[in-house]
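> Structure here, sequence nowhere to be found:
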């Protein structure tokens, strides 16, 4: 029945594609992608919310303080099972893969990503893994957009635009925050789009937020109603808060990556690794139950008038009225979140860092303001700092201050905190950028030389493949050859540069035609000169693993039009500056949105 419905829907859209203009069809597509992405969010959010309350109910009935510790172990093991048995043994994680796919894979996302992220993240996060659902939501929305475009034979530019629509709709639906959805799609992922791309992205975000608001219960969404009035006298403390969240974001990013990398590279079987990692996570959750799942319920509790409820059903329940014990509990939860999230993802679970950034931000804001209040130095509005702290960490981790500002403004139901949000987000971003060149999700790409930033030239250069530009058919010379042989080469070739190689195909030097022009045309000298006498050592060589930005820097430093390319230390060919620039121009034309 469902298959028949989908076939009829597809035929209807094909007919519509023939009757509508190109722009009208894109607008229609953006709305449809917004609807589908919103329902994916609804499923994920509702499932995670249901599991959280199921675990809480079981805990209150059975009085088993360790039930929340068992569920994450089950969830991560089930995730590993699904990846190995259903998804072919591999699963791409993190929103950075969207950047890579847009740049290197022609915006073609595999079909399995339309369901793989939903299944695995539901199991991991829904059963208590200390991660977030937003990254899987973003990838799922992007996959819907890409595969929709493929079904209707849309162009690369249109596929990329619909990926942005899926991303915006996913974030908008997850938080009922359409402006934040648009900004996230553009600021974090599609860093180089024109004004004409805004309209379909805005339509998708608005659709996603509308569907989510209609279907999802308000208590499932992260919404805050209790705020205190902004007092401009607290501006110096908001600046300090920005510094605090900036350094906290750097701490989280570095320790999360170290932890994830350590567990991901453990030389153990997948199930054994998952069991060990999940058991450690379960122990951490046993002591600090706030590390369970997304943590949104604890964020709401912390921003409430009675944050002491965080200590209920914990080892510290008897001290729920002690402000210093609560503050210490919040501080340790902050410190451990990076390790809990790293273990969750590194040991085989699936999720993202969006929710952990909000968790960490709210806890950082509470810790900062409550500590100052308890010391008697001042009397800060704790709920306000709890909210703006989320913007600080989000801005610092993802290098996305605009998304952070408008997301928190939208989920708080107004813009009363706009000034402190701007202060904290911008200061945190500046601190994080000073110590971390790339955002958390982009750092893995940076290690591989696949960095995509807000610099348009750098982005386009990163999309060029050195292998495609290498000229491998150039004639080579040997060091002991005389120049008469070179003269014969020149008579039958238009080459102006020759690589000098030995029997092991190692590069001994380079012969430039312009450097030997006088000798070649002097019969008395050509017979008595060997190649090794006139060859030059290359100032710079290019390796296949170099980024194209590195290659262009080498061209500038060497002031040469040709550079030799090495593969595994052996001579491989030459790359020319003119070919790189021509490829750059062609790629620039193909990436401009109509």
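Okay, I see it. Only a predicted model underlies this, so the values are computations on that prediction, with no experimental measurement involved. Numbering: from 1, shown residues only.
> if I look at residue 407, how far off is residue 391?
7 Å (Cβ to Cβ, to the nearest Å). Every residue, glycine included, has its C-beta placed from N, CA and C.
> for residue 546, that is, sorry about that
Residue 546 sits 38 Å away from residue 391 when distances are taken as Cβ to Cβ.
> The two: who's more crowded?
Ranked by neighbour count (other Cβ atoms under 10 Å), residue 546 and residue 391 place residue 391 first, with 34 against 17.
> so what's residue 321 up against?
For residue 321, the contact set (Cβ atoms under 8 Å, 6 or more residues apart in numbering) comprises residue 308.
> Please shift the residue numbers so they start at 7 in all later answers.
That works, and once the first residue is 7, the last one we named lands at residue 327.
> So it, which state does it fall into?
coil (DSSP: H, G, I helix; E, B strand; the rest coil).
> tell me the pLDDT at it?
According to the prediction, residue 327 has pLDDT 81.
> And for the one 10 residues further on?
Listed pLDDT for residue 337 reads 91.
> Not counting sequence-adjacent ones, nearest residue to it?
residue 373 (5.4 Å; Cβ to Cβ, 6 or more residues apart in numbering).
> Show me the strands in the chain, by range?
Applying DSSP state E to the chain gives strands spanning 482-483, 503-507, 513-518, 548-549, 568-573, 576-582.
> Tell me which of the ones you listed approaches residue 471 most closely.
Between residue 471 and the strands of the chain, the tightest spacing by Cβ to Cβ is seen for strand 576-582, at 11.1 Å.
> Now for residue 206: which residues touch it?
Shown in contact with residue 206 (Cβ under 8 Å, 6+ apart): 32-33, 35-36, 167-168, 171.
> ok, it to residue 168 distance?
8 Å.
> overlap in contacts of those two?
In contact with both residue 206 and residue 168: 32, 35-36, using Cβ under 8 Å, 6+ apart.
> Packing partners of the longest helix seen in the chain?
Identified as the longest helix of the chain according to DSSP state H is helix 28-68. Applying 3 or more Cβ pairs under 8 Å, 6 or more residues apart in numbering; DSSP states H and E, one finds that helix 28-68 makes contact with helix 8-25, helix 73-91, helix 119-132, helix 140-157, helix 162-181, helix 204-221.
> Residue 377 contacts residue 333, doesn't it?
Yes. Using Cβ atoms under 8 Å, residue 377 is in contact with residue 333, at 6.2 Å.
> okay, and for the stretch 357-506 of the chain, where does confidence drop off?
Residue ranges of the stretch 357-506 of the chain with pLDDT under 70: 419-421, 451-469, 490-492, 494-498.
> can you give me the helices in it?
Along the stretch 357-506 of the chain, counting by DSSP state H, counting those that start in this stretch, helices occupy 360-380, 388-404, 407-417, 424-441, 449-453, 462-468, 472-475, 489-497.
> which one of the ones you listed is the most hemmed in?
helix 388-404 (a mean of 30; mean count of other Cβ atoms under 10 Å).
> quick one: residue 142 and residue 446, what's the gap?
16 Å.
> Show me which of those two is the more surrounded one.
Ranked by neighbour count (other Cβ under 10 Å), residue 142 and residue 446 place residue 142 first, with 31 against 26.
> can you pull the contacts of the more buried one?
Counting by Cβ under 8 Å, 6+ apart, residue 142 makes contact with 50, 123-124, 126-127, 356-358.
> ok, so of those residues, who is nearest residue 180?
Each of the contacts of residue 142 was checked against residue 180 using Cβ to Cβ; the closest is residue 50, at 8.3 Å.
> wait, what's in contact with that closest one?
Residue 50 touches 124, 127-128, 132, 139, 142-143, counting by Cβ under 8 Å, 6+ apart.
> Test my guess that residue 89 contacts residue 277.
No. The criterion here is Cβ under 8 Å, and residue 89 misses it with residue 277 at 11.0 Å.
> ok, these two, which is more surrounded?
Using other Cβ under 10 Å as the criterion, residue 89 and residue 277 rank with residue 89 on top: 22 against 14.
> What score does the closest residue in space to that one that isn't next to it in sequence have for pLDDT?
Nearest non-adjacent residue to residue 89, counting by Cβ to Cβ, 6+ apart: residue 97, 4.9 Å away. On the pLDDT scale, residue 97 is placed at 80.
> how near is residue 97 to residue 176?
For residue 97 relative to residue 176 (Cβ to Cβ), the value is 18 Å.
> okay, these two: which has more neighbours?
Applying other Cβ under 10 Å to residue 97 and residue 176 shows that residue 176 carries more neighbours, namely 36 against 21.
> Please list all residues in contact with the more buried one.
Contacts of residue 176 were listed using Cβ under 8 Å, 6+ apart, and they are 43, 46-47, 140, 143-144, 146-148, 187, 214.
> The helices of the stretch 357-506 of the chain: which one's closest to residue 242?
helix 424-441 (9.9 Å).
> tell me the angle of the closest one relative to helix 360-380?
With axes from the mean of the first three to the mean of the last three Cα atoms, to 10 degrees as the basis, helix 424-441 and helix 360-380 are set at 110 degrees to each other.
> Any stretches of the stretch 157-306 of the chain with poor pLDDT?
Across the stretch 157-306 of the chain, residues meeting the criterion (pLDDT under 70) sit at 196-202, 223-234, 236.
> make it 90
Low-confidence regions of the stretch 157-306 of the chain, defined by pLDDT under 90, span residues 157-168, 170, 179-207, 215, 218-241, 267, 270-276, 288, 291-306.
> quick one, what contacts residue 53?
Counting by Cβ under 8 Å, 6+ apart, residue 53 makes contact with 128, 132.
> do the same with residue 404
Neighbouring residues of residue 404 by Cβ under 8 Å, 6+ apart: 194, 360, 363, 410, 445-447.
> Pull up the gap between it and residue 589, please.
Distance of residue 404 to residue 589, given as Cβ to Cβ: 31 Å.
> The contacts of residue 142: which two are farthest apart?
Farthest-apart pair in the contacts of residue 142 is 124 and 358; separation 13.1 Å (Cβ to Cβ).
> Looking at the two, which is more packed in?
The residue with more neighbours, out of residue 124 and residue 358, is residue 358; 26 against 22, by other Cβ under 10 Å.
> wait, that one sits on residue 136?
No. Using Cβ under 8 Å, residue 358 is not in contact with residue 136, being 11.5 Å away.
> Take the helices and strands packed on helix 28-68 and write them to TSV, including distance to residue 499.
Output for these, formatted as TSV (distance: least, Cβ to Cβ, whole Å):
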stretch	distance to residue 499
helix 8-25	51
helix 73-91	53
helix 119-132	48
helix 140-157	44
helix 162-181	37
helix 204-221	52
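> Could you say which of these is packed most deeply?
The most buried stretch of the helices and strands packed on helix 28-68, if neighbours are counted by mean count of other Cβ under 10 Å, is helix 162-181, with a mean of 30.
> Centre of the chain to it, how far?
With Cα atoms, centre = their mean, to the nearest Å as the basis, helix 162-181 stands 14 Å off its chain's centre.
> how far away is the closest residue to residue 247 other than its chain neighbours from residue 138?
Once flanking residues are discounted, residue 247 sits nearest to residue 430: 5.2 Å by Cβ to Cβ, 6+ apart. Residue 430 sits at a distance of 21 Å from residue 138 (criterion: Cβ to Cβ).
> got it, and residue 348?
For residue 348 relative to residue 138 (Cβ to Cβ), the value is 13 Å.
> same deal with residue 574?
40 Å.
> So if I had to pick from these two, which one is more boxed in?
Shown here are residue 574 and residue 138; by other Cβ under 10 Å, residue 138 has more neighbours (27 against 8).
> got the contacts of residue 206 as JSON lines, with distance to residue 341 columns?
Below are the contacts of residue 206 laid out as JSON lines (distance: Cβ to Cβ, whole Å):
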{"residue": "32", "distance to residue 341": "47"}
{"residue": "33", "distance to residue 341": "47"}
{"residue": "35", "distance to residue 341": "45"}
{"residue": "36", "distance to residue 341": "42"}
{"residue": "167", "distance to residue 341": "41"}
{"residue": "168", "distance to residue 341": "41"}
{"residue": "171", "distance to residue 341": "38"}
